[in-house]
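J.: structure for this input, please:
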Amino acid sequence: MVGDDEPVGQSDGAGPPPVGVRSSHHLAAWDGAGLAEDTPDDVSDASGSAGAADKPRKTRRGALGSLLHESVIILVAALVLSLVIKTFFAQAFYIPSSSMEDTLLIGDKLVVNKLAPGPFDLGRGDIVVFLDPGGWLPPSEAQQPDIVTDVLTFVGLLPAHADEHLIKRIVGLPGDHVICCNADGLVTVNGEAIEEPYIRGDAAPSLDPFDVVVPQDHLWVMGDNRPESADSRYNLGSFGGGFVPMRNVVGTAFVIIWPLDRVTLLSNPGETFKGVPDPS
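T.: Numbering: from 1, shown residues only. The predicted structure is shown next:
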């Protein structure tokens, strides 16, 4: 899960077909006709009846064993696949706080693309999940261990509450000069004022002034619900000076998956930063 002043918080196989069981009498008869001829008829009939009665039971046991074998293989394959996806490609989180309203609401579950940063670059306007750079989150209370929940979260079958994660929007990339605010009350990036349509309601871009240059390999991030977001602005005195190291970024949020009436792609507001020049 992700948050700000509150913690945030991701077939087959087939067994062998059942084999009918022959008695030693039948095997002997198969291997040597003379031995079968020497066996009394009443013994032959009794053995044959017992084999016929025993066969359905062994067939059922074989079918049950095959089903169990297949189920175990499917379950293990699903867990391994889920773990691989969570580790390298995508991870689910849920939202516990209001810092990103109205873009993300409390209780929303979303999926994060873990290929950015990496094969894909980060951009201004991206919503990112990141590890606490240090001192952004209050100490979390110890929780009773829940082995089942912990395992399912570890392999990615449940969204992470991730006590050490936060979620914000990138406003400044490495080298950017970010200032608040100009005469019109707007944030400027490298001298270009930006109109931010994602800010909640009629809230101002920021009531607290700042003037920063983002260090290399770091980000300047802000929540969409500016009055309720303890973001880079409020952590200037924290370890790292309010900047988020790129190495702390888990990935970019790209889709809300729950609740169903809020399923939507989280697109980057490219127009907002279209006129921003590269840092000088």
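J.: residues contacting the top strand by length along the chain, please?
T.: Under DSSP state E, the strand in the chain containing the largest number of residues is strand 249-258. Contacts with strand 249-258, where a contact means Cβ atoms under 8 Å, 6 or more residues apart in numbering, come from 90-94, 104, 108-117, 120, 122, 126-131, 165, 167, 219, 262-266. In short, each C-beta sits where N, CA and C put it, glycine included.
J.: helices of the stretch 101-250 of the chain, start to end?
T.: Taking DSSP state H, counting those that start in this stretch, the helices of the stretch 101-250 of the chain run over residues 147-155.
J.: what about it, any weak spots by pLDDT?
T.: Flagging of the stretch 101-250 of the chain using pLDDT under 70 yields the residue ranges 140-146, 148-163.
J.: if we use 80, what do you get?
T.: The stretch 101-250 of the chain contains residues with pLDDT under 80 at 139-163.
J.: before we move on, the earlier item: so of the contacts of strand 249-258, which ones are in strands?
T.: 90-94, 109-113, 127-131, 165, 167, 219, 264-265.
J.: which of the residues you listed are buried? Put it as a ChimeraX command.
T.: Selecting the buried subset of the ones in strands among the contacts of strand 249-258 in ChimeraX, with 16 or more other Cβ atoms under 10 Å as the burial test, is done by:
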select :90,91,92,93,94,109,110,111,112,113,127,128,129,130,131,165,167,219
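J.: one step back: can you list the buried residues in the longest strand of the chain?
T.: Residues 249-254, 256 are the ones in strand 249-258 that count as buried (16+ other Cβ under 10 Å).
J.: nearest to residue 185 among the residues you listed?
T.: If you rank the buried residues of strand 249-258 by distance to residue 185 using Cβ to Cβ, residue 253 comes first, at 27.5 Å.
J.: if I look at the closest one, what pLDDT would I see?
T.: What the model reports for residue 253 is a pLDDT of 97.
J.: show me the beta-bridge partners of it.
T.: Per DSSP bridges, residues listed as beta-bridge partners of residue 253: residue 112.
J.: give me the distance between it and residue 267.
T.: Distance, residue 253 to residue 267, by Cβ to Cβ, to the nearest Å: 11 Å.
J.: how about residue 241?
T.: Taken as Cβ to Cβ, the span from residue 241 to residue 267 is 30 Å.
J.: same thing with residue 136?
T.: Taken as Cβ to Cβ, the span from residue 136 to residue 267 is 26 Å.
J.: likewise for residue 204?
T.: From residue 204 over to residue 267 (counting by Cβ to Cβ), the distance is 24 Å.
J.: those two: who's more crowded?
T.: Set residue 204 next to residue 267 and count neighbours by other Cβ atoms under 10 Å: residue 204 wins out with 14 against 10.
J.: quick check: the more buried one touching residue 184?
T.: No. Using Cβ atoms under 8 Å, residue 204 is not in contact with residue 184, being 10.9 Å away.
J.: kindly reformat the buried residues of strand 249-258 as CSV containing distance to residue 65.
T.: CSV is the format used below for those (distance: Cβ to Cβ, whole Å):
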residue, distance to residue 65
249, 48
250, 42
251, 42
252, 46
253, 45
254, 43
256, 43
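J.: identify the farthest-apart pair in the residues you listed.
T.: Of all the pairs that the buried residues of strand 249-258 form, the one spanning the most space (Cβ to Cβ) is 249 and 256, at 19.3 Å.
J.: the spatially closest residue to residue 175 that is not a sequence neighbour: neighbour count?
T.: Nearest-residue entry for residue 175: residue 279, 3.4 Å, with adjacent residues in sequence omitted and distances by Cβ to Cβ, 6 or more residues apart in numbering. The number of residues packed near residue 279 is 14, by other Cβ under 10 Å.
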